[in-house]
Every structure is written in C-alpha cells, then in structure tokens.
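Asks: Output the structure for:
(one chain, ligands or ions: 2)
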Amino acid sequence: MIIVMKPKAAEENIQAVIRYITENGLQTHLSKGEEVTIIGVVGDKTRLASENLNSFKDVDRIVPVTESYKLANRKFHPDPTSVKVGNTYIGPGNLTVMAGPCAVESEEQLLTIARAVKKSGATILRGGAYKPRTSPYSFQGLEEEGLKYMQTAKAETGLSTICEVVSQEAIDAAVKYVDMIQIGARNMQNFYLLKEAGRSGLPVLLKRGLSATIDEWLNAAEYIIAEGNPNVVLCERGIRTFETATRNTLDISAVAVMKEKTHLPIIVDPSHSTGVYKYVPPMAKAAVACDADGLMIEVHNDPAHALSDGPQSLTFEKFDKLCNELKPFAGLVGRTFKE
Ligand code: PEP
Ligand code: MN
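Replies: Ligands and ions are numbered 1, 2, ... in the order given. Modelled structure (predicted):
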C-alpha cells in the first residue's frame, strides 16, 4: 500500500508515520514530489492497523497496491526516474542512444566502431563480452579481455559503456571495467543473477524475456531494486510470436504500458526486435515517437563478416543517417538527442 500525505505535510508528521511502520517490522519507501509526499510500504500489512494510520497527522489517504511489484510501481514513485550511466543519464528530457557491436571481437574492431558511433551521436557504447548464444558452437565472446577493450574504448572516446553479464563471475569482472551491466532476454527470470545484479552497485539494463509478460518483466525489475539498487532501465527487444518475417515481434505498445505502470526509464532495441538491418530505422523512429527514453542499436564495421548478428547490424553510414533523422523526432516529443 501507499500512504499519500496531505500537500505540504510537516516533516515531523511524515517521520512519525515512517517510525510507526518500521517499528512494526515493515519497510518504507519515500517519494517526495513538489507538493505531495508518498510513503510506500513493503511487507506484511496485516501487522498494521489502517485505522491507526488514518489517525496520524497529515495523512490524506491510504491506497492499496495490488500489483506484486512495489518499488518498480509508478504508484510508489509518481515521478519518472532518471538513471545515471557514466557521464550521461537515461530519463526524462533525454534521448539516449547506445550503439556498438553485438560482440566485442578485437580491440581494433571495438575502437573503430566506438569512434564511429561517437561521431554520429551515441553516448553509450554497447558490446557483448559474454555471449549467450543459441548454439554452443557459436562465438561465445572474449569475456574479461573484451571488457578490458571496452575500458580502453571509454578512455579514448569518453563514451560510457554497457556489457551483458551472465554469471556472478561476469558481474565481478564487469564492475572493474564498465559503467552499466545488461541482463539479457534469456536471463530475465534468472532470479539469482537478478539479485546479484542488484548488489553490484552498477546501473542495470533489464531486457524483456523472449516470452515474458509485462507483469513478469516488472517483477524481475523488482528483484533488482529490492536488493537496494534503484538504477534499473527496461529494454523492449521484441517477443516471440507466430510471425517469422522478423526475428522477434517488437511490442511497441510495451513502451506506452510501461510509462503508465512504472517510473523506470524504458528504451527500445530495434536490432534484436527485427533481426533485419533494413527494419531498424523505422522501428527506431517508432520508439522515439512513442516516447521511449532511448535506443540500443547494433552497429558493425563489416556486418557481412560479424561474428554475431551481422544481418541486423547497421553500417557506419546507415547509423549516421539514422541519427540525423532521429534528431527532429526527439524534439517532437520534448527530448534532446544529447551527443
Ligand atoms: C544483446 O543485446 O547482445 C543480446 C543478446 O540481446 P537479447 O538478450 O535481447 O537477445
Ligand atoms: Mn546481438
């Protein structure tokens, strides 16, 4: 449940409510807006008598939160969250573009791509060092060596960096080298990994599972936040449907639904959603038009010879053209494409 305090409630009255709740063994989550303060309550509500709560000074009303996710719930936190990633942020007012190769293949390859995407306007460099591939015989990633190249690319270009993690070992390595970790679609319901990501101290990009509902996805985010890490960004990357013309089906409506259900930022990955480079620009524009907070786009210096996901990767020229086309779209929804 949430306790909505009266506009301009006195601080001592807010603290009195918090004290009553914590003394009864429950946790509180405070959200202070310009006018109204909301106290979110997590725990066994049967320990609290709501008639007692109603009698506290400055309490306006008590609203039950029926959804199982609480900290990720917009009812707990009505203002949209901004998540800092290295020297940039993902959230209101900004259109954040993450770009880079599906997999880090070599230092030279990564540096070449990093320079190009930076020039076109990306602010975060993506690159997989641990690749959860469908076949065990496909390229599995350079692991820690790849993370070191990400650090080199950051030092040279000033780009912030993101890498997928697949295990505790990968998280331990990632915290040394990158600014944000990514939980991939295949691990969205790996609850132990989610908890470990929550304890990592780094912001987390949580991709939607291949067949996950929005409710399951928000509960996965809750696992991370419940460990004390509020810096979660959601990423819609397409879901499994009967359609085969595209690799997945981009559920663009998820952006609108998430804007209502959660305060967490949401970005769109048009590359994995479609699997086809030609469809990436229109889907990227659709994402911006429906107010996504950012994009994750795969870019490669030589897509025909990429070690993974070449068919959906943009060349430097195509990525540059797309970035130029996106700028006016960002302006139309009140966002700046920060470079
Ligand atoms: C990726 O971003 O490299 C990736 C593997 O994506 P997903 O988890 O969405 O398939
Ligand atoms: Mn990929």
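
Asks: Any residues of the protein in contact with ligand 1? List them.
Replies: Neighbours of ligand 1 within the chain, by C-beta under 6 Å from any ligand atom: 102, 128, 164, 184-186, 207, 237, 272. For the C-beta atoms, the positions are set from N, CA and C on the backbone; glycine is no exception.

Asks: so what's K131 up against?
Replies: 102-103, 138-141, 164, 308 (C-beta atoms under 8 Å, 6 or more residues apart in numbering).

Asks: of those residues, buried ones?
Replies: 102-103, 140-141, 164, 308 (16 or more other C-beta atoms under 10 Å).

Asks: residue contacts, the residue nearest to Q151 when sequence neighbours are not counted?
Replies: For Q151, ignoring the flanking residues on the chain, the nearest one in space by C-beta to C-beta, 6 or more residues apart in numbering is Y177 at 4.3 Å. Y177 makes contacts with 147-148, 150-151, 161, 163, as judged by C-beta under 8 Å, 6+ apart.

Asks: Distance-wise, check whichever residue of the chain sits closest to ligand 2 relative to V65.
Replies: Distances between the chain and ligand 2 by C-beta to the ion are smallest at C102, namely 3.2 Å. According to C-beta to C-beta, to the nearest Å, C102 stands 38 Å off from V65.

Asks: same deal with T246?
Replies: Taken as C-beta to C-beta, the span from T246 to V65 is 36 Å.

Asks: and P282, which of the three is it?
Replies: Following DSSP: H, G, I helix; E, B strand; the rest coil, the label given to P282 is helix.

Asks: Return the backbone torsion pair for the closest residue to ligand 1 within the stretch 151-300 of the chain.
Replies: In the stretch 151-300 of the chain, the residue that lies nearest ligand 1 is G184 (3.0 Å; C-beta to the nearest ligand atom). Per-residue torsions, G184: phi -80, psi 170 (degrees, to the nearest 10).

Asks: what sits against it?
Replies: Contacts of G184 (C-beta under 8 Å, 6+ apart): 132, 164, 166, 207.

Asks: Go again with 6 Å.
Replies: 132, 164, 207 (C-beta atoms under 6 Å, 6 or more residues apart in numbering).

Asks: Give me the nearest residue to it, chain neighbours excluded.
Replies: E164 is the one closest to G184 (C-beta to C-beta, 6+ apart), at 5.0 Å.

Asks: Surely that neighbour and Q182 touch.
Replies: Yes - E164 lies in contact with Q182 (C-beta atoms under 6 Å); the separation is 4.2 Å.

Asks: contact partners of the top helix by length along the chain?
Replies: Of all the segments of type helix in the chain, defined by DSSP state H, the longest one is helix 316-332. Residues from elsewhere that reach helix 316-332, judged by C-beta under 6 Å, 6+ apart: 95, 116, 120-121, 281, 285, 288, 299, 337.
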